[in-house]
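# Sequence and predicted model, in that order:
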Amino acid sequence: MLEKESKRINEIKRTVDGRLKNAPDGTLRITTTKNQYQYIHCKQEQYKQEQYKQEQYKQEQCGQVQCTETSNNQKFKLSYIKKENLSLAKQLAQKSYDQKIKKLVDRREKQLERLTKEYSDDEIVAIYNNLNHKRKELVIPVEPTYEQLLAQWKSVPYVGRDFKDVKTEIYTKKGERVRSKSEKILADMFYDMGVEYKYECPLHLKGYGIVYPDFTFLSRKTYEEIYWEHDGRMDDPEYAEKAIRKIDHYTRNEIIPGQRLIITYESANYALNTYVAEKFIKEYLL
């Protein structure tokens, strides 16, 4: 949760910092006269005393309207923004807004840094895990541990798809039969990295029917199920169309790619990218 909020704050900060770099000088004032809004560009300038007197004399001679402040030899020049230059008003308004956002996110960033140092997601679980094994037998944890939930999840029986139309026999390191070499590669990666999974466990998608995700996992972070689909023949138009339709129905059932759905692809000329697969495993499953 903290990590997600930190990423959000950093993204906002990058956005406003980028916009403020190109923001015009000065600020915007908005006034009304006879129910008409007027936009005024207010710029602060510093003058030497002699230059200030000369400029003031010139303004009086030409009748230019300005607001001045004599403290610290500072002067604020006010200029009406014409309709054809409305983009300047927008830029100044955006600048003021972005400055307020920057001030807030800078404060939030420091708060998150302090909180992150003190906060750990697994503190409650750690109290139970650090107990002597005999004491654990006597204690009911306030929240079930991931290991307990995983054991319960694994104990639920299911019936996957049969292999009656599959001629090749491919087995994983786990001794489990799969349908393709790419599925074996993925399953062996999960096995080597200590990730428990269910192969082709049935799932009902409302509006679509029963699907058999290639792999199903129990998330360590959210304790929700995560699904992995490997689409291995994306150069086959009919296969690709079915795959896209199925992915759309995952989304309609609130199983969003990049959140609870991981997708890898393959074609005749592009094999499974194990580097990408490993990145997915580390990001979502460890």
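Okay, I see it.

# Tell me how many other residues crowd His249.
Here the neighbour count serves as a burial measure; for His249 (other C-beta atoms under 10 Å) it reads 16. Bear in mind the C-beta positions are built from the backbone N, C-alpha and C, glycine included.

# do Glu183 as well
The burial metric for Glu183, expressed as a neighbour count using other C-beta under 10 Å, is 22.

# Please apply the same query to Lys154.
A total of 12 residues lie near Lys154 under the criterion other C-beta under 10 Å.

# Surely Leu112 and Glu5 touch.
Yes - here Leu112 reaches Glu5: they are 6.5 Å apart, a contact under C-beta atoms under 8 Å.

# which one of those two has more residues nearby?
More crowded of Leu112 and Glu5, by other C-beta under 10 Å: Leu112, with 18 against 14.

# Heading C-terminal from the host helix or strand of the more buried one, find the next helix or strand.
Element membership of Leu112, judged by DSSP states H and E, is helix 86-118. Beyond helix 86-118 in the direction of the C-terminus, DSSP H and E gives the next helix or strand as helix 123-129.

# can I get the CA coordinates of the next helix or strand after that next one in PDB?
Stepping forward along the backbone from helix 123-129, the first helix or strand reached (DSSP H and E) is helix 133-136. What follows is helix 133-136, C-alpha atoms only, in PDB (Å, rounded to 0.1, in the frame of the first residue of the first chain):
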ATOM      1  CA  HIS A 133       6.700 -24.300  17.000                       C
ATOM      2  CA  LYS A 134       5.100 -25.700  20.100                       C
ATOM      3  CA  ARG A 135       3.700 -22.300  21.100                       C
ATOM      4  CA  LYS A 136       2.300 -21.900  17.600                       C
END
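
# Identify the residues contacting helix 133-136?
The set of residues external to helix 133-136 that reach it, using C-beta atoms under 8 Å, 6 or more residues apart in numbering, is Tyr128.

# Quick one: mean pLDDT over it.
The average pLDDT within helix 133-136 is 89.

# how about the helix holding Leu112: buried residues?
Applying a neighbour-count criterion of 16 or more other C-beta atoms under 10 Å, the buried positions in helix 86-118 are 88-89, 91-92, 94-95, 98, 101-102, 105, 108, 112.

# Return the helix or strand in this protein with minimum mean pLDDT.
Counting by mean pLDDT, DSSP states H and E, the chain has its least confident helix or strand at helix 49-62, which shows a mean of 46.

# Next secondary structure after the host helix or strand of Ile210?
Of the helices and strands defined by DSSP H and E, Ile210 is found in strand 209-211. Counting by DSSP H and E, the element after strand 209-211 in chain order, helix or strand, is strand 215-218.
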